[in-house]
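> Model the following, please.
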Amino acid sequence: MKLTYAELPELYRLYLQHPQVSIDSRRVPDGGLFIALRGRTDGNQYAAAALAAGAAYAIVDDPEVAAAGDDRYLLVEDGLKALQQLAGRHRAAFRMPVFAITGSNGKTTTKELIAAVMSQQYRVHATPGNYNNHIGLPLTILSMPPGTEFLILEMGANHRGEIAELCAIGRPTHGLITNIGTAHLEGFGGQEGIRLGKGELYDFLRTNGGVVFVNNDEPQLADMAQGMSRIIPYFSSEEPSLSVAGLEIKTLATHPNLRVAFFSEARELVETDTQLAGKHNLQNVKSAIAVGRYFKVPGAGICAALSGYRPANHRSQWLTHRGVTFYWDAYNANPSSVGAALSSFSADSAPSDSVVVLGEMLELGEAAPAAHRQVALQAGQVARTVLLVGREMAEVAREFDRPHFADSGQLAEWFWQQEWAGKKVFVKGSRGNRLERLLD
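Numbering: from 1, shown residues only. Next up, the predicted model:
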């Protein structure tokens, strides 16, 4: 059976009958759909295994596989396009708010905080983990449970045009950019490329009459949002007032954990603690408060969500392992996020009691040498002991006479042979460094 885009309604009908989708034959749901994608491996090769595991249909783009004579094979021109078109068709069937989040840093934490806040009032479905690319976003849409009232889509990108493609699939009605930093400099072609690439979310919302939430404390965002008719501004203030346009949020403490205050629906200034540390997380918390207030989540609910949220996945966590206290923020790294995290760590730790572990930062292109030198210099101001990991850190380690480790395995072997009593250890690096080996 040949199934092309013109026959998408038929594919969507089958999805409605079997509303579970998998691209992994090892995790295919019984009675669901398996979609074969080509990548590091060719998913077509696993279609038979998916059917044997209980898939109702296997959607493939290899005619030889589909020619096996089994009516459960559905042939499409391109498996990835079929997945994306199916998700777009499903998204079009709903009129709920769809909230998109992109930016250089803080996307996942902001998404999780907004999900926690909105779940106080609505049935929320959000991007799992960082499933935020051209494959993860369609899968997020197709995995929406029945009765979902608020959909949150995290959108990641490493080159221009990618956010526009994700918006075309997810069709957000509301959204925000966390910040314009220095992630994926190589793919975006520099800082201006990052601004234009992330700004594709604003472009979509501007064209389609959407609502944009703008953190006025983040450079560039207000200028980028000019010309939009529906802007919800929010910002920090030492003396919040109900007489100004926009939502003002007061910072009561930044360490050991953030504590903030904001005006509730009752026009009362309410205070809440969080389990997040550092000024860089303040921006994420402010975004969650702004979205919750706009969608009429009671102040008490916002406070409960923020105080109950505990960061996971190696993000902004204080933890103790084998008697050593770690500030762990090793899910991802770029120059701006490393700098912000180091500043927050230094507010709670004296240099003599501090150890900094920095993994290399990836996808920086020609900016890599200067960027690694910059963060190593800052680390030296924060801690007397600085440990550098990865190939990109080798030259910096030689220049500053710092211990260097080829990878996290070598680091872990050396690290646990030392005595760290009374020290606080800061750990940050790109995901590819696998610095979690320190916790094995």
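
> use CA for all of it now, contacts and neighbours both
Noted.

> which residue ranges form the helices in the stretch 51-200 of the chain?
For the stretch 51-200 of the chain, helices defined by DSSP state H, counting those that start in this stretch occupy the ranges 63-66, 79-91, 107-118, 136-142, 162-170, 185-188, 191-198, 200-207.

> residues near residue 315, how many?
Residues within reach of residue 315, counting by other CA atoms under 10 Å, total 19.

> wouldn't it be in contact with residue 330 here?
Yes - contact criterion CA atoms under 8 Å: residue 315 and residue 330 qualify, at 6.4 Å.

> one step back: to residue 334, which of the helices of the stretch 51-200 of the chain lies closest?
helix 185-188 (9.3 Å; CA to CA).

> what's the model's confidence in that closest one, averaged?
The predicted model assigns helix 185-188 a mean pLDDT of 62.

> got it, and stretch 340-359?
87.

> Residue 212: neighbouring residues, count only.
With other CA under 10 Å as criterion, residue 212 counts 24.

> Wasn't it part of a helix?
No - secondary structure assignment (DSSP: H, G, I helix; E, B strand; the rest coil) places residue 212 in strand, not in a helix.

> Quick check: it touching residue 232?
Yes - if you go by CA under 8 Å, residue 212 and residue 232 touch, sitting 6.2 Å apart.

> tell me the domain boundaries of this structure?
5-86, 94-308, 317-439 (automatic domain parsing).

> Show me what counts as buried in stretch 299-310.
Going by neighbour count (16 or more other CA atoms under 10 Å), the buried part of stretch 299-310 is 299, 301-307, 309.

> In helices, which of these appear?
If you go by DSSP state H, the buried residues of stretch 299-310 have 299, 301-307 in helices.

> could I get these as CSV with distance to residue 372 and pLDDT?
As requested, those are exported to CSV (distance: CA to CA, whole Å; pLDDT from 0 to 100):
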residue, distance to residue 372, pLDDT
299, 42, 97
301, 42, 98
302, 38, 98
303, 38, 98
304, 39, 98
305, 37, 98
306, 34, 97
307, 35, 97
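
> Just read off the phi/psi values of the most far-flung residue of the chain relative to its centre.
Distance from the C-alpha centroid of the chain peaks at residue 69, with 42.3 Å (CA atoms, centre = their mean). Dihedral angles phi and psi of residue 69 (degrees, to the nearest 10) take the values phi 90, psi 0.

> Make residue 1 into 614 and carry on from there
In the new numbering, first residue 614, that becomes residue 682.

> so who does it touch?
By CA atoms under 8 Å, 6 or more residues apart in numbering, residue 682 lies in contact with nothing.

> any idea how far it lies from residue 695?
Computed as CA to CA, to the nearest Å, the residue 682 to residue 695 distance reads 21 Å.

> And residue 776, by the same measure?
In this view, residue 776 and residue 695 are 19 Å apart by CA to CA.

> now swap in residue 937 and tell me
The spacing between residue 937 and residue 695, counted by CA to CA, is 49 Å.

> more crowded one of these two?
Using other CA under 10 Å, the more surrounded residue of residue 937 and residue 695 is residue 695, with 23 against 14.

> hang on, that one packs against residue 701?
No - judged on CA under 8 Å, residue 695 makes no contact with residue 701 at a distance of 9.8 Å.

> Can you give me every residue that contacts the residue nearest the centre of the chain?
Nearest residue to the geometric centre of the chain (CA atoms, centre = their mean): residue 721, 2.9 Å. Going by CA under 8 Å, 6+ apart, residue 721 touches 742-743, 767.

> in stretch 696-707, what's buried?
696-704.

> what residues does it touch?
618, 621, 624-625, 648, 747-748, 751-752, 754-755, 781-784.

> Which two among those are spaced furthest apart?
Farthest pair in the contacts of stretch 696-707, by CA to CA: 648 and 784, 22.4 Å.

> Who has more neighbours out of those two?
Legend: neighbour count by other CA under 10 Å for residue 648 and residue 784, higher for residue 648 (27 against 23).

> Poorly predicted segments of this structure, please.
614-619, 795-802, 926-927 (pLDDT under 70).

> can you map out the helices along the stretch 914-1053 of the chain?
Under DSSP H, counting those that start in this stretch, the stretch 914-1053 of the chain gives helices at 948-959, 981-995, 1007-1013, 1021-1028.

> In TSV, list the buried residues of stretch 912-923 along with distance to residue 632.
Listed next are the buried residues of stretch 912-923 as TSV, based on distance: CA to CA, whole Å:
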residue	distance to residue 632
912	36
914	32
915	32
916	35
917	33
918	30
919	33
920	35
922	30
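
> Show me which of the residues you listed is closest to residue 878.
Closest to residue 878, out of all of the buried residues of stretch 912-923 and judged by CA to CA, is residue 912, at 6.4 Å.

> For the closest residue to residue 1051 other than its chain neighbours, the count of nearby residues, please.
Nearest residue to residue 1051 in three dimensions, chain neighbours excluded: residue 1025, at 5.0 Å (CA to CA, 6 or more residues apart in numbering). Here the number of neighbours of residue 1025 (other CA under 10 Å) works out to 17.

> ok, now residue 821?
By other CA under 10 Å, 12 other residues sit near residue 821.

> what residues are up against it?
Contact analysis of residue 821 by CA under 8 Å, 6+ apart lists residue 786.

> how far away is it from residue 754?
Residue 821 sits 20 Å away from residue 754, going by CA to CA.

> Backbone torsions only: list them for residue 630.
Torsion angles, degrees, to the nearest 10, at residue 630: phi -80, psi -30.

> That one: neighbouring residues, count only.
There are 13 residues near residue 630, going by other CA under 10 Å.

> Over to residue 908?
When neighbours are counted by other CA under 10 Å, residue 908 registers 12.

> got it, and the one 3 residues further on?
Other residues lying near residue 911 total 18 when counted by other CA under 10 Å.

> ok, and the closest non-adjacent residue to it?
residue 878 (6.4 Å).

> That neighbour reaches residue 906, doesn't it?
Yes - contact criterion CA under 8 Å: residue 878 and residue 906 qualify, at 7.4 Å.

> Looking at those two, which is more packed in?
Using other CA under 10 Å as the criterion, residue 878 and residue 906 rank with residue 906 on top: 20 against 14.

> Dump the helix or strand containing the more buried one to PDB, restricted to CA.
Residue 906 is part of helix 892-907, with elements assigned from DSSP states H and E. What follows is helix 892-907, C-alpha atoms only, in PDB (Å, rounded to 0.1, in the frame of the first residue of the first chain):
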ATOM      1  CA  LYS A 892      20.300  34.100  39.700                       C
ATOM      2  CA  HIS A 893      20.200  32.300  36.300                       C
ATOM      3  CA  ASN A 894      17.300  30.300  37.600                       C
ATOM      4  CA  LEU A 895      15.500  33.500  38.700                       C
ATOM      5  CA  GLN A 896      14.600  34.200  35.000                       C
ATOM      6  CA  ASN A 897      13.000  30.700  34.700                       C
ATOM      7  CA  VAL A 898      11.000  31.200  37.900                       C
ATOM      8  CA  LYS A 899       9.800  34.700  36.700                       C
ATOM      9  CA  SER A 900       8.600  33.200  33.500                       C
ATOM     10  CA  ALA A 901       6.600  30.600  35.200                       C
ATOM     11  CA  ILE A 902       5.000  33.200  37.500                       C
ATOM     12  CA  ALA A 903       4.100  35.400  34.500                       C
ATOM     13  CA  VAL A 904       2.500  32.600  32.600                       C
ATOM     14  CA  GLY A 905       0.600  31.400  35.600                       C
ATOM     15  CA  ARG A 906      -0.800  34.800  36.400                       C
ATOM     16  CA  TYR A 907      -1.800  35.400  32.800                       C
END
